[in-house]
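In: Everything below, folded, please.
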Amino acid sequence: MSLQIHYQQKAADVVTVFLSGSLDSNTHALFETELQTILTEYPTLKLLVLDFDSLDYISSAGIRVTLSAKKKLKALGGQLGLLNLQPQIQKVFDIIKALPSFQIFDSTAELDRYLTAIQKKVLEEKREL
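Out: Alright, predicted model coming up:
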């Protein structure tokens with residue numbers, strides 16, 4: 001199965017990546033390349049959200065790229081969030097015990113509430129200065 005990837009800037013420092021298909025040993029390099037493009041294109045990125053709504057399968061290669069992205073973002077002062085995990089994908093993350101280290105959102109509405117809270121916090125911090 002193939003992997004389709006597209007991404008969209010949601011705010012000045014937030015990008016959502018939409019994945020569809022299979023993230024496995026045959027497609028992980030494409031995902032890795034796209035992630036590097038995003039990090040280069042958005043050097044001030046604070047939150048990268050991976051929307052797994054249409055992802056049917058993830059292998060250890062896909063997990064490795066995801067964890068690598070998390071590490072790179074952390075080094076840049078950013079975070080990685082996961083959105084709309086399908087039950088089978090959720091199970092994989094449960095098995096490797098990675099869930100506590102990720103921001104996981106049940107819906108786009110929940111993600112939007114989170115983003116609103118972050119932006120509100122930044123504005124409040126600016127006012128205090």
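In: What strands line up against the helix or strand that contains Val15, and which way round?
Out: Element membership of Val15, judged by DSSP states H and E, is strand 14-23. According to DSSP bridges, strand 14-23 forms sheet pairs with strand 3-11 (antiparallel), strand 47-58 (parallel).
In: Give me the buried positions along that strand.
Out: For strand 14-23, burial by neighbour count (16 or more other C-beta atoms under 10 Å) applies to Val14, Val15, Thr16, Val17, Phe18, Leu19, Ser20, Ser22, Leu23. Where C-beta positions appear, they are placed from N, C-alpha and C, glycine not excepted.
In: want to throw those into TSV with distance to Leu80 and pLDDT?
Out: Below are those laid out as TSV (distance: C-beta to C-beta, whole Å; pLDDT from 0 to 100):
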residue	distance to Leu80	pLDDT
Val14	12	94
Val15	11	96
Thr16	11	96
Val17	10	97
Phe18	15	98
Leu19	13	97
Ser20	19	97
Ser22	20	92
Leu23	14	93
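In: May I see those residues organised as JSON lines, with distance to Gln79 added?
Out: Compiled in JSON lines, the buried residues of strand 14-23 are given as follows (distance: C-beta to C-beta, whole Å):
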{"residue": "Val14", "distance to Gln79": "10"}
{"residue": "Val15", "distance to Gln79": "12"}
{"residue": "Thr16", "distance to Gln79": "13"}
{"residue": "Val17", "distance to Gln79": "14"}
{"residue": "Phe18", "distance to Gln79": "18"}
{"residue": "Leu19", "distance to Gln79": "18"}
{"residue": "Ser20", "distance to Gln79": "23"}
{"residue": "Ser22", "distance to Gln79": "26"}
{"residue": "Leu23", "distance to Gln79": "20"}
